[in-house]
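**Q** give me a 3D structure for the following:
(2 chains)
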Amino acid sequence: MEDRPATRVVAPAEPKERGNSAPAALGELKMKAKDVNLWYGEKQALFDVNLEIFDRSVTALIGPSGCGKSTFLRCLNRMNDVIDICRVEGDIRLDGEDIYAPQVDPVQLRARVGMVFQKPNPFPKSIYENVAYAPRLHGLCANKTELDEVVETSLVKAGLWEEVKDRLDQPGTGLSGGQQQRLCIARAISVNPEVLLMDEPCSALDPIATATIETLIDELKENLCIAIVTHSMQQAARVSQRTAFFHLGKLVEVDETSTIFTNPADQRTQDYVTGRFG
Amino acid sequence: MTDQTASLASFTSEIATKKLRKRHRAERRFQMYGIGAILFALAFLVFLFASIFSQGWTAFLQTSIKLPIDFSQEVINPSGNPDAEDEIFQANYVKLAREALYKELGVDPNDRKDRRAANELLSRGVDVQLRDMVLRDPSIIGSTEDVWLLASDNADALMKGSIDRKTPSERRQVSDEQIAWIDQMVDAGNMKKRFNTGLFVNGASSNPETAGLGVALIGSFFMMLTVVLLAVPLGVCAALYLEEYAPKGKIADTIEVNINNLAAVPSIVFGLLGLAVFINFFGLPRSASLVGGLVLTLMTLPTIIITTRAAIRAVPPSIREAALGVGASKMQLIGHHILPLSLPGILTGTIIGLVQALGETAPLLMIGMVAFVVDYPTTPLEPATGLPVQIYMWASSAERGFVERTAGATIVLLAFLVVMNSLAVYLRNRFERKW
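**A** As a prediction, this is how the structure comes out:
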């Protein structure tokens, strides 16, 4: 806490740093969290988390329940702001810009850093309205034709267009679970976010829907920076390029996914990925 | 572990089956208690409705006598000047009605005793009835027309059977002679029970046959209007602020506790408050439906705030996250999602609050709405009464006709309450959204 002023003066973006070295396949540094501490009231939930997230790749956050991975993810688009008792300290930067700076509008930030939640949560409106909501909100479309186009592109990118193109006016809540989640992804990418945060997006879905979403994540990462929280280590291994392991509010280890799963540096990571606890 | 398993008795052992039977019995008994409680409540409800309806349905009928009235020029307008309104207004209309009655019954106009007995058959409100006819259409002066005139309270009671013909005549309020006249007119088809529109349009009157709910209905309407216009926006805004913006803490807790307390404050206390604040301090007129509406607004606010907060809280957090996650501001979240989704709950709460307010009597007594108001109030600032207060006033009147009118007005009030409650249920089902 005392060294907070010090963290503030750290230079914005220094792509390559000690343990967080990125291989050439990844895009450039997109988000960087430095010494992030978070409290829920008196209880500290995150301890000095340092993590870098790279563009055009998937970073998986894994760890046992209650380890703070979802909490950390929600720091990245300031969703924790809406929780009264939550206090965040540290430095989180998006393209070198401090997202907790006073001049940053969290509402606009959330358009740049989109989010998909654990439970599919389409609005109780039509499929079209679900996707058109955010562009309309931010005034990104001048007219109906443009909006139609955005809706179609987003649904196509989310792999849902073929299934729903004839019933765009029907309620989004009438779709199956997997379709609803893809609708939520379409909704999140409708405003062309730079980063997409996914909080256990498949935990409420069956294996087939999960596979569809994973393929989708794979396609989306070509143009997007994705951070995904997952309970399934297989999923982390399948979709991510880099994996961060959280334990008891601390970031234990972050490295290339293959390294984490085959040759982790920390004993706790080793124990977790081999299923000895968690 | 294994020892314990081994020592477990089987499910078919005596103790186990006994235990099972006991459990089934207890469950059946519990159900019986529930059914008993419901039947008990239903019985009272049926009793209540049966007694009110059996007493009150006759209030919707009113005995009238058809008489050929000679609107003679020399009685109504002897000067012959059709603009002499005072003259027309003050003319002796009772005389017109009575003369027609004497002719109809064959009463000798010189027999004072017979005349008085015949006069008692007609309501004291006939002069107003005839005067209003003439004022509405002066061209009938000089002509003779058949008019259904209101019968007196006693004649009405006899027709409805609440005065028993078998009672010895010295203890009966209708004499044998009057009964004979009534039977004569009934046989000729000139006296019968007709639908009582006066019940809904007339103002206060000391004669039951001309008393009506008109002023009370208008007063209640003005009060409901005030409540809807004030309590709903205030209540919904307060609830939204408390749920969405107010920082959680000691202050919010205190406010919450106090709102809940306010909902439990006896309504007469609100009446005192209204008397002290609106009438004594702000100097608003007594008996005005605006003051009544303000008091009822204060009373309804807690109900609306509490139900609205519950409805807002029932909006799933996933919808909030979804909206915030795509970059909706708090205002947009509320306007686009929270309000539409909690609307059914808010509507239901509002209507339930209105129903409460509609039936509230005590605070209106405190602010002087127990008044004898004959003329329709045209603005909320004029004296008026309310439905429940009118019932209260009629219930304390002595005339026999007011007994059935009390029950009749209760039926009207209950009908409003039932309609409004059904509307609440309908709206809730109609707008309920699934997610």
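**Q** count the neighbours of the residue in the stretch 151-278 of chain A that chain B sits nearest to for me.
**A** Closest contact between the stretch 151-278 of chain A and chain B, by C-beta to the nearest C-beta, is at A:Thr173 (5.4 Å). No exception for glycine: its C-beta is placed from N, CA and C like everyone else's. Around A:Thr173 there are 19 other residues, counting by other C-beta atoms under 10 Å in any protein chain shown.
**Q** before we move on, what about B:Phe30?
**A** 10.
**Q** in what helix or strand does it lie?
**A** helix B:14-56 (DSSP states H and E).
**Q** give me the buried positions along the next helix or strand after that helix.
**A** Sequence-wise, the next helix or strand downstream of helix B:14-56 (DSSP H and E) is strand B:61-70. Across strand B:61-70, burial judged by 16 or more other C-beta atoms under 10 Å in any protein chain shown covers B:Leu61, B:Gln62, B:Thr63, B:Ser64, B:Ile65, B:Lys66, B:Leu67, B:Ile69.
**Q** now do the contacts for B:Gln332.
**A** A:Leu137, B:Ala323 (C-beta atoms under 8 Å, 6 or more residues apart in numbering or on different chains).
**Q** wait, which of the buried residues of strand B:61-70 is closest to chain A?
**A** Nearest to chain A out of these is B:Leu61 (C-beta to the nearest C-beta; 51.2 Å).
**Q** contacts only, for the closest one.
**A** Applying C-beta under 8 Å, 6+ apart, the residues near B:Leu61 are B:Lys160, B:Lys193, B:Arg194, B:Phe195, B:Asn196.
**Q** any of those buried? List them.
**A** Among these, the ones that count as buried by 16+ other C-beta under 10 Å are B:Lys160, B:Lys193, B:Asn196.
**Q** so where does the most centrally placed residue in chain A fall, helix or strand?
**A** Taking C-alpha atoms, centre = their mean, the centroid of chain A lies closest to A:Leu197, which sits 1.4 Å from it. If you go by DSSP H and E, A:Leu197 is part of strand A:195-199.
**Q** tell me which strands that strand pairs with, and in which orientation.
**A** strand A:113-116 (parallel), strand A:225-229 (parallel) (DSSP bridges).
**Q** TSV for the ones you listed, including mean pLDDT?
**A** Below are the strands paired with strand A:195-199 laid out as TSV (pLDDT from 0 to 100):
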stretch	mean pLDDT
strand A:113-116	92
strand A:225-229	94
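**Q** how about those strands, which one is nearest B:Thr254?
**A** Shortest distance between B:Thr254 and the strands paired with strand A:195-199, using C-beta to C-beta, is found for strand A:113-116: 35.3 Å.
**Q** dump the buried residues of strand B:61-70 into a markdown table; add pLDDT as well.
**A** Listed next are these as a markdown table, based on pLDDT from 0 to 100:
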| residue | pLDDT |
| --- | --- |
| B:Leu61 | 90 |
| B:Gln62 | 90 |
| B:Thr63 | 91 |
| B:Ser64 | 91 |
| B:Ile65 | 91 |
| B:Lys66 | 91 |
| B:Leu67 | 90 |
| B:Ile69 | 88 |
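**Q** got JSON lines for those, with distance to A:Asn143 too?
**A** As requested, the buried residues of strand B:61-70 are exported to JSON lines (distance: C-beta to C-beta, whole Å):
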{"residue": "B:Leu61", "distance to A:Asn143": "66"}
{"residue": "B:Gln62", "distance to A:Asn143": "66"}
{"residue": "B:Thr63", "distance to A:Asn143": "72"}
{"residue": "B:Ser64", "distance to A:Asn143": "69"}
{"residue": "B:Ile65", "distance to A:Asn143": "75"}
{"residue": "B:Lys66", "distance to A:Asn143": "72"}
{"residue": "B:Leu67", "distance to A:Asn143": "76"}
{"residue": "B:Ile69", "distance to A:Asn143": "74"}
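**Q** show me which of these is closest to B:Thr307.
**A** For the buried residues of strand B:61-70, the nearest to B:Thr307 is B:Leu61 (40.2 Å; C-beta to C-beta).
**Q** test of understanding: give the bridge partners of the closest one.
**A** Counting by DSSP bridges, B:Leu61 is bridged to B:Phe195.
**Q** please apply the same query to the one 4 residues further on.
**A** With DSSP bridges applied, B:Ile65 shows beta-bridge pairing to B:Leu149, B:Met191.
**Q** so it versus B:Pro285, what's the distance?
**A** B:Ile65 is 40 Å from B:Pro285, where distance means C-beta to C-beta, to the nearest Å.
**Q** and for B:Glu87?
**A** B:Glu87 is 34 Å from B:Pro285, where distance means C-beta to C-beta.
**Q** can you check A:Gln235 too?
**A** According to C-beta to C-beta, A:Gln235 and B:Pro285 sit 73 Å apart.
**Q** more neighbours: the two, which one.
**A** Neighbour totals were compared for A:Gln235 and B:Pro285, and A:Gln235 leads with 22 against 15 (other C-beta under 10 Å).
**Q** list the contacts of the host helix or strand of that one.
**A** Here A:Gln235 sits within helix A:233-239, counting by DSSP H and E. Here helix A:233-239 makes contact (C-beta under 8 Å, 6+ apart) with A:58, A:60, A:62, A:202, A:210, A:214, A:217-218, A:228, A:230, A:243, A:257, A:261, A:273, A:275.
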